[in-house]
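Trainee: need a 3D model of the sequence below.
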Amino acid sequence: MISIPTISQSCVLCGGAANKLVCQTRDFCYETCGNEFSYVQCDDCGHVYLKNRPQTEALDVIYPRTYLTYDYDQHLGGFINGIRNRIQRMKLRPMQKYARQGDSIIDVGCGGGDFLALAKQFGDPSWQLFGVDFSDEALARLHARGLEGVKGRFEDMRWSGPPVGVIVMNQLIEHVEDPAAAVLKAFNILRPGGVLILETPNLDSWDARLFSKRYWGGWHAPRHWNLFNSETLSRCVLKVGFDLAEVSYILSPFSWLHSIQYGLRERLGWKRMAQWFDVDHFVPLCAASSLDLIQLAFTRRTANMRLIVQKPSIG
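Mentor: Model (predicted):
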């Protein structure tokens, strides 16, 4: 298996260089490279990040054409993806709560446009929907659906349209090089009263603690570069001037399934049994969802958190 070029990082949130090792892991999900990756926690601010980050030229390697977000229907199957879409429709509720008629709505890291397609079908028809993604594969699928989008990094995007009402970053902020820069860009192009919706893995969960040393699905090495809990993410977004509107937790069965699968495959060598925990298998998916419901009942959190932050209104 190939090794990809990496670069050693300091903490992108505070610049601190001192850190302690949290986890050593590898690309269990797509097996794109043979590197070992180290997640560390900053001694100064407590932020958890990928120490040996892939260089830019390796992005097309670590995000292969088979990447899940490019085509959920193909990789999950029509039945499982149909269930997923019903759950995703619930994520339109915050948009319906905060967006105004005619608002521009941007989905950052839109993938193949599944969420924007749901917004187009079930949201306000006056919304102006727009996607951003760095992948040619994702943008081709997005445009095939009749949706608008642009290739590139959100932080570098020039927005010439009207002030934006809602910016969605579903499972995105953990992928970006500089989360603070992405949040600041969102703040600058949102209209007063506009909201940023962030959904990202949560370090403070049962599965994160149980599998944290190597196999937690939330690491998703080497694609997740920055990991948060509600405290560290809130600190990041409030620093640029946002007000915290809502914090909630969403079921995350995929995290359980991936974590169990990776441990079975590498630690125990049970590769055939590990396949039973693929995310497109209905019975283990239901079992993992039930486990997450128990976690939510007892702790009020899961491995998937959502923050909604609002740009202050004028006056």
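Trainee: show me which residues of stretch 180-193 are buried.
Mentor: Ala180, Ala181, Ala182, Val183, Leu184, Lys185, Ala186, Phe187, Ile189, Leu190, Arg191 (16 or more other CB atoms under 10 Å). In short, each C-beta sits where N, CA and C put it, glycine included.
Trainee: now, which of the residues you listed lie within helices?
Mentor: Residues of these located in helices (DSSP state H): Ala180, Ala181, Ala182, Val183, Leu184, Lys185, Ala186, Phe187, Ile189.
Trainee: how far does stretch 88-104 stretch from start to finish?
Mentor: Across stretch 88-104, the terminal residues are separated by 20 Å (CA to CA, to the nearest Å).
Trainee: in that stretch, what's buried?
Mentor: Gln88, Lys91, Leu92, Pro94, Met95, Tyr98, Ala99, Asp103, Ser104.
Trainee: in the chain, which spans are helices?
Mentor: For the chain, the helices defined by DSSP H cover 59-62, 72-76, 78-90, 92-98, 114-122, 136-144, 179-189, 206-211, 230-238, 253-262, 271-274, 282-299.
Trainee: who are the packing partners of the longest one?
Mentor: The one in question is helix 282-299. Applying 3 or more CB pairs under 8 Å, 6 or more residues apart in numbering; DSSP states H and E, we find helix 282-299 packed against helix 78-90, helix 206-211, helix 253-262.
Trainee: please render those helices as TSV that adds mean pLDDT and distance to Cys45 to the earlier fields.
Mentor: Listed next are the helices and strands packed on helix 282-299 as TSV, based on pLDDT from 0 to 100; distance: least, CB to CB, whole Å:
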stretch	mean pLDDT	distance to Cys45
helix 78-90	67	33
helix 206-211	96	19
helix 253-262	94	25
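Trainee: determine which stretch of those helices is the most buried.
Mentor: When you average the neighbours per residue for each of the helices and strands packed on helix 282-299 (mean count of other CB atoms under 10 Å), helix 253-262 leads with a mean of 24.
Trainee: now do that helix: distance to the chain's middle.
Mentor: 16 Å (CA atoms, centre = their mean, to the nearest Å).
Trainee: okay, it in CSV with CA atoms only?
Mentor: Taking Å, rounded to 0.1, in the frame of the first residue of the first chain, the C-alpha atoms of helix 253-262 are listed here in CSV:
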residue,chain,number,x,y,z
PRO,A,253,-25.0,4.7,14.1
PHE,A,254,-22.3,4.8,11.4
SER,A,255,-19.7,5.7,14.1
TRP,A,256,-20.5,2.6,16.1
LEU,A,257,-20.5,0.4,13.1
HIS,A,258,-17.2,1.7,11.7
SER,A,259,-15.5,1.5,15.2
ILE,A,260,-16.6,-2.1,15.7
GLN,A,261,-15.7,-3.1,12.2
TYR,A,262,-12.2,-1.7,12.3
